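> following is a predicted model, sequence given first.
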Amino acid sequence: MRYERPETLKDASDLLSNEEGLSRILAGGTDVLVQLKSEMVEPDLIVDLKHIGGMRSISSEAGGYRIGAAVSGAQLGEDDGVRAMWPGVVEGLELIGSTQVQGRATMVGNLCNGSPAADSVPGLVAADATVRIHGVNGVRECSILDIPVGPGRTSLAKGDIITSVFLPARAPNASDAYLRFIPRTEMDIAVAAAGVSLELDGDGVCTNARVALGAVAPTVLLVEEAGAALVGTRLGTDSLDALVKATEAACTPITDKRGTVEFRTRTAGVLAKRAAKIAYARAGGKS
Amino acid sequence: MKNLHISTTVNGDEKEFICGSDETLLDVLRDRLDLTGAKEGCGTGDCGACSVTLNGRLVCSCLVLGAEADGAEIETIEGMAVGDNLHVLQRVFIEKAALQCGVCTPGILVATRALLERNPDPSDTEIRYWLAGNLCRCTGYDKIVKAVQIAAAEMRSA
Amino acid sequence: MALDSDAQRDFKIVGTRVTRPDGVDKVTGKARYGADISAPGMLHGRILRSPHAHARILSIDTTGAMALKGVKAIVTSADLSRPEDNFFADIGDNCLANEKALYDGHAVAAVAATDKATAKAALRLIKVDYEVLPHVTDVDAAMAPDAPVVHEGRADETVAEGYSQNVTSHFEFGHGDLEAGFAKADKIIERSFKTAATHQGYIEPHACLASLGADGRGELWCCTQGQFNVRTMCAELLGIQASQLRVTASEIGGGFGGKTTVFIEPVALALSRKAGKPVKITMSRDEVFRATGPTISSSMDVKIGMTSDGRITAGKANLRYQGGAYPNGTVEFGAQSAFAAYDLAAVQTLGWNVMTNRPKEAAYRAPGAPVAIYAIESVVDELCQNFGLDPLDVRIKNAARKGTLSSYGPTFNDIGLVATLEAAKAHPHYSAPLGVNQGRGLSCGFWFNFGGNTSVSLHLNSDGTIGVVEGNPDIGGSRASISMMAAEELGISYDKVRTVITDTNSIGFNDVTDGSRVTFAVGLATIKAARAAIKEMCSRVAKIWGIDEEAVIWEDGAAKPSGPNAGDFDPMTLADIAAVADNTGGPIAGHHEGNADGAGVSFGVHLVDLEVDPETGMTTVLRYTVFQDAGKAVHPDYVEGQMQGGAVQGIGWALNEEYIYGEDGRLQNPGFLDYRVPVASDLPPIETVILEIPNPGHPYGVRGVGETPIVPPLAAISNAVSRATGVRMAELPMSPPRILKATSAKV
């Protein structure tokens, strides 16, 4: 195994595209190092992105924020601007692992690991965030939703490097929330998860809602029907019931060591409802 | 496998070492630098026994490559006491019986010091969540949380 | 040695909260644990493990691996002796599989190489030809006559016909007329329970450094609860003399019973002998879970009858424990302890030990008792609910006390159960209000405690200080307790004593640190050693004063004339006597070797409040109080620490910890990510109330305290969940999916 720490994106992309064997991109390393330890994956090349300019910065852009691919959970959590605008996105990343893992783990790494249970992804999907990809053929923007294609698999091509995440600007009465279910209070992989982003009008009526679910399908899901159940409402009982129904209907989970089909489905509905209420309160809505 | 030549700073001292590209920072500390205070309890970031700080950030050294230490500043349990003066946390952990077997203790002390540097007056809940990644199987955490509160109060009044 | 007549003696040091002697090393990273040592020329060992739950090993081809540069030795079971005694033979087979791999993770071969990377590469070059066999991992399935058989011909004569050969032994305890007892009941409840296997979960993986020469002389450094036990087992398995193998125990990073046997130590010795170099082996966490000591899993049926005023009329339990791939005896402890808290006219417990394709069970804190008492205490609680009776009142009414014929045979001496129950009843926790979706649960707990073989030496230094040498690894502060008892007995200050734990060649035999025995038995031996030293000191002083030895007494750390008739002499302190020892006959020491009995049993009661989220089945523990009879608490901080740590391990057992096996018989959660031990944020403070009912079998009244605290949490939590949800739970762990399923079925 070779370890490389390029200083430009071009060098990084060239290293990756020229490698004939297995390569892994290293940002926070909290998945890659675990894979190395388990000896399930033995890459020939590791490319460390952290010494490329911009990878560890958070900057304002078009009223929103651009977050470098190597920004850790701890760093993001210390950014008051992002936290105020997208609290659900921040809490999604901050829920991953321990304080120690937060010192390293990144949103982009979490996304590229391709887990349907990735904690930071439902919040990003609900936020309608995009990623910027530096590829062999240039730079492109892509919806978060288009990156994961199945458990452990992404749509990225050889030499593609996600360099940043973009969180768009928000209307005044808007917020988001992310909740996941784990059997302990910390240190577990989500058994079911929900991210909800809402926009309200001046009267507290929901004008736009995006509901994303984790750990209940092969990839993180955007459930349009669940969002639609909230639009035009003040999140009263009927709309929340409709949200729960739409959420449960969208779930196609598996039974495994962490949870059953029934448990995941039911819990996803509960979490979507609870996250919606939190997002509504954060957006200034009064129920 | 090509070995790497790494220059780093550990507990304020400049260190150089040779390591394989797949060696973790924990491997390097223990096997190359003879700093065995950080322990491998799991090797997968789930137990916190290998906690160190890397450029001021609390990390699991088992989830960092040794190669990543190049040019970095690392603090380990071995750097916590100054000469023969124990850090307040170290002294209070002994006085208040906040350890039994002691194998998780270096990681918990490193993690706790990082907490108190950021938050000198944490609630019990904040201590418990900050330390959620530091498993202790002996104490049930009760005396650890109490010791951290006592040490924090002493540090605030110092 | 019975309790000193002055049971109410005024302790000066015992009962205080002194600092431990190993504290500074442990907070600075200096303390040396199993993996923290190396030797010149050391090789790195690694172990190849079976990927199959059950497979015949047809052949092992090591030629490719041996050809790899840097590989110095490879061993298989052929490199270990095959002791005739089944106990040792099973341990050897577990260290390196002989004819069959018996579980996922079973060691098959091992390699020693010049570095870790080479050892890892070599493992992949070892070719093992397996014939995969049908497997069984569930206890009930393993008992069925047509189950795959783990070992043929290992059932003993206690097993009736009609069972699978996996059933290896049967136990029966009790007394009285069950039929008559049940006939007197106003209500009989019968329930069946299942519990999952759990792991001790010590944070330090097993590690050792071995060096064994062709001359049969060896050195072994390892993390263990008992270096003498390691020596005995390794000498058997390597075919060497015990005297030639010096075993030194490292600092130990948790054990809880799981480090009372050997796994890697004989393998490292065999590799070292073959390679002619020291070999170090450290287990990964994955190996720890797959191949070291989980506890039993169980299936149990309980039937208890009660009158409407809360008197238990009869109790019966059938306990079925699987203990992994070899015969084990754990159900005996479960069957003995199940009803220990009760004074019953009619009681019967039957137990069956069963083999499965799982790792060989190792002891875990009060082995066998937690699950049996969980089942009993669940049914008692349900009966209390049925009659609307206070669960503490019912337990007090039926409690075992001094003179009770216990359910397992002996008649109890002074025991603290009633005092413990009354303390719980009087505690503000018991009357605190509960909120919506909250429940309060309680359970009694019990453990026998143990004494055992113990050797202690105590010597005076010329500066008036004391060295105590003992042979039991300090797993939770025992060096402090032993030093305290030595200082107390000698009448000197704590800081004048240093207790060290020595190797197998430097003191007589000691049983393992287990059975909550160390503070009791090593303490007892230390007190006796101190008394021997006092006798010698008095004899030296008698010589100096020119009076009879009987005319010198020891008081407050000094020799004094026994009275006016003995003469008028200034007292001589220990330091005075030590300073002139050269002139009075040479070095002064005291020692004691013996097999201690009189370990008093220990009872505890745990009280828990918790809340269950009705929408997700998530349980949050809100308040937890431990009440326990500790006998005399030598160091209260470490007694509390045992009570708190045991309680939290029990909470983990009740709520989330479990070995999960797939259809393929492989362990699905061999890591701390999915084997969920409690983390700090899962827990409230663990309050403790120590009761000190002196143990008549110890001069200071000391009882073991370490194991009892893991017993009550299982039922206490289950009873609280059942009361919070209105659904009686009968399976552990009560993970959220299980609770949600149970509560959903209710509606």
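Ah, there it is.

> where are the low-confidence patches of chain B?
Scanning chain B with the threshold set as pLDDT under 70 gives B:1.

> also chain A?
In chain A, residues with pLDDT under 70: A:287.

> which residues of it fall in helices?
Counting by DSSP state H, chain A has helices at residues A:9-18, A:32-38, A:73-77, A:80-85, A:87-94, A:99-102, A:107-112, A:120-126, A:224-230, A:237-250, A:261-282.

> what's the burial count for residue 30?
As the question left the chain open, I've gone with chain A. Using other CB atoms under 10 Å in any protein chain shown, residue A:30 has 28 other residues around it. For the C-beta atoms, the positions are set from N, CA and C on the backbone; glycine is no exception.

> my bad, the chain I had in mind was chain C
Quick note: residue C:30 (other CB under 10 Å) scores 17 neighbours.

> sorry, back to before: nearest to residue B:12, of the helices of chain A?
Across the helices of chain A, residue B:12 has its closest neighbour in helix A:99-102 (21.5 Å, CB to CB).

> residues touching that closest one, excluding its own?
Around helix A:99-102, the neighbours that count as contacts under CB atoms under 8 Å, 6 or more residues apart in numbering or on different chains are A:30, A:72-74, A:77, A:94, A:96, B:45, B:48, B:51, B:58-60, B:63, B:111, B:114-115, B:130-133.

> out of the helices of chain A, which is closest to residue C:62?
So among the helices of chain A, helix A:32-38 is nearest, using CB to CB, at 24.6 Å.

> what sits against the residue of chain C found nearest chain B?
Closest to chain B within chain C is residue C:29: 2.2 Å, counting by CB to the nearest CB. Residue C:29 sits next to B:35, B:36, B:37, B:38, B:76, B:77, B:78, B:106 when contact means CB under 8 Å, 6+ apart.

> so which of those sit within helices?
Those of these lying in helices (DSSP H): residue B:106.

> ok, and which of the contacts of residue C:29 reach chain C?
Near chain C, judged by CB under 8 Å from any CB of the partner chain, the entries from these are B:35, B:36, B:37, B:38, B:76, B:77, B:78, B:106.

> by neighbours, which of those wins?
Ranked by neighbours (other CB under 10 Å), the ones next to chain C among the contacts of residue C:29 are led by residue B:106, which has 30 neighbours.

> for that residue, give its distance to chain A.
Here the criterion is CB to the nearest CB, to the nearest Å. By it, residue B:106 lies 13 Å from chain A.

> I figured that residue was touching residue B:38, is that so?
Yes. Contact criterion CB atoms under 8 Å: residue B:106 and residue B:38 qualify, at 6.2 Å.

> what residues do these two have in common as contacts?
By CB under 8 Å, 6+ apart, the residues touching both residue B:106 and residue B:38 are B:49, B:51, B:76, B:77, C:29.

> and the pLDDT at residue C:4?
Note for residue C:4: predicted pLDDT of 74.

> determine the number of other residues adjacent to it.
By other CB under 10 Å, the burial measure for residue C:4, its neighbour count, is 14.

> ok, now which ones touch the closest residue to it other than its chain neighbours?
The shortest distance from residue C:4 to any non-neighbouring residue, by CB to CB, 6 or more residues apart in numbering or on different chains, is to residue C:699 (4.7 Å). Residue C:699 is in contact with C:1, C:2, C:3, C:4, C:524, C:527, counting by CB under 8 Å, 6+ apart.

> from residue A:209, how far off is residue C:699?
Going from residue C:699 to residue A:209 by CB to CB, to the nearest Å gives 74 Å.

> over to residue A:235?
For residue A:235, the distance to residue A:209 - CB to CB - is 9 Å.

> shared neighbours, these two?
residue A:276.

> for residue C:475, which three-state class applies?
coil (DSSP: H, G, I helix; E, B strand; the rest coil).

> so it sits against residue C:513, correct?
Yes. Between residue C:475 and residue C:513 there is a contact at 5.5 Å, judged by CB under 8 Å.
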